[in-house]
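>>> From the sequence below, what's the structure:
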Amino acid sequence: MGLPGSGKSFFAERLALELGAKYLSSDRERNRLGNRDQYSPEDKLKVYQHLKRLAKEALSKENTVIIDATFYLQQMRDLFSNLAVDEGADVFYFNITADEELIRERLRQPRSDSQADFSVYEQIKEMFEPFIMKVIVLESKKDNIAFLLEKALDYIGHGEN
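Presented below is the predicted three-dimensional model:
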């Protein structure tokens with residue numbers, strides 16, 4: 001999870017590759033559902049519910065699943081915490097952060113799946129609810145993806161140690 005421009009998608013895609021996991025992106029699924037420019041709370045919840053159905057299907061096939069989304073509301077986090085309990089799966093939350101100037105720079109670049117700009121970043125930052133579960137915070141920088149992956153893999157028990 002993380003704010004727009006934090007590097008969460010870059011991290012999540014690479015973590016999924018490292019784990020051989022199913023990768024699910026809220027931005028990609030929103031686009032597949034034909035909801036590209038629909039960001040009301042109800043529209044967002046529909047996307048998260050859709051992601052939950054896809055994750056449940058993958059878990060039923062004993063796949064590891066990586067969910068890439070902002071998860072700025074506890075209600076959205078709870079969907080997946082409850083799914084993990086129901087499916088007997090472990091769940092790990094990683095909050096990807098970055099320096100605001102780096103975020104601003106990243107959000108100036110066009111991205112294929114997301115329309116978020118710095119004003120969207122600021123809006124979501126204001127609405128981002130505090131965590132009530134254990135969350136591992138990883139700071140994304142320009143060139144530290146290997147370090148972030150190593151930390152994540154070590155934490156979930158897939159490191160080389």
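>>> Could you tell me the phi and psi values at Asn63?
Recorded main-chain torsions at Asn63 are phi -90, psi 150, according to degrees, to the nearest 10.
>>> Could you check how far the closest residue to it other than its chain neighbours is from Arg14?
Once flanking residues are discounted, Asn63 sits nearest to Lys22: 4.8 Å by Cβ to Cβ, 6 or more residues apart in numbering. C-beta coordinates here come from the backbone N, C-alpha and C atoms, glycine included. From Lys22 across to Arg14, the span is 14 Å (Cβ to Cβ, to the nearest Å).
>>> Not counting sequence-adjacent ones, nearest residue to Ile103?
Nearest non-adjacent residue to Ile103 (Cβ to Cβ, 6+ apart): Gly5, at 3.8 Å.
>>> Quick check: that neighbour is in a helix.
No. Counting by DSSP: H, G, I helix; E, B strand; the rest coil, Gly5 is not part of a helix but coil.
>>> The lengthiest helix in the chain packs against which elements?
Looking across the chain with DSSP state H, the single longest helix is helix 41-60. Applying 3 or more Cβ pairs under 8 Å, 6 or more residues apart in numbering; DSSP states H and E, one finds that helix 41-60 contacts strand 22-25, helix 26-32, strand 65-68, helix 74-87.
>>> With distance to Phe128, mean pLDDT and mean neighbour count added, can I get these in JSON lines?
Formatted as JSON lines, the helices and strands packed on helix 41-60 follow (distance: least, Cβ to Cβ, whole Å; pLDDT from 0 to 100; neighbours: other Cβ atoms under 10 Å):
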{"stretch": "strand 22-25", "distance to Phe128": "19", "mean pLDDT": "97", "mean neighbour count": "20"}
{"stretch": "helix 26-32", "distance to Phe128": "15", "mean pLDDT": "91", "mean neighbour count": "19"}
{"stretch": "strand 65-68", "distance to Phe128": "16", "mean pLDDT": "98", "mean neighbour count": "24"}
{"stretch": "helix 74-87", "distance to Phe128": "10", "mean pLDDT": "95", "mean neighbour count": "16"}
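>>> Since that was my last question, I'll sign off now.
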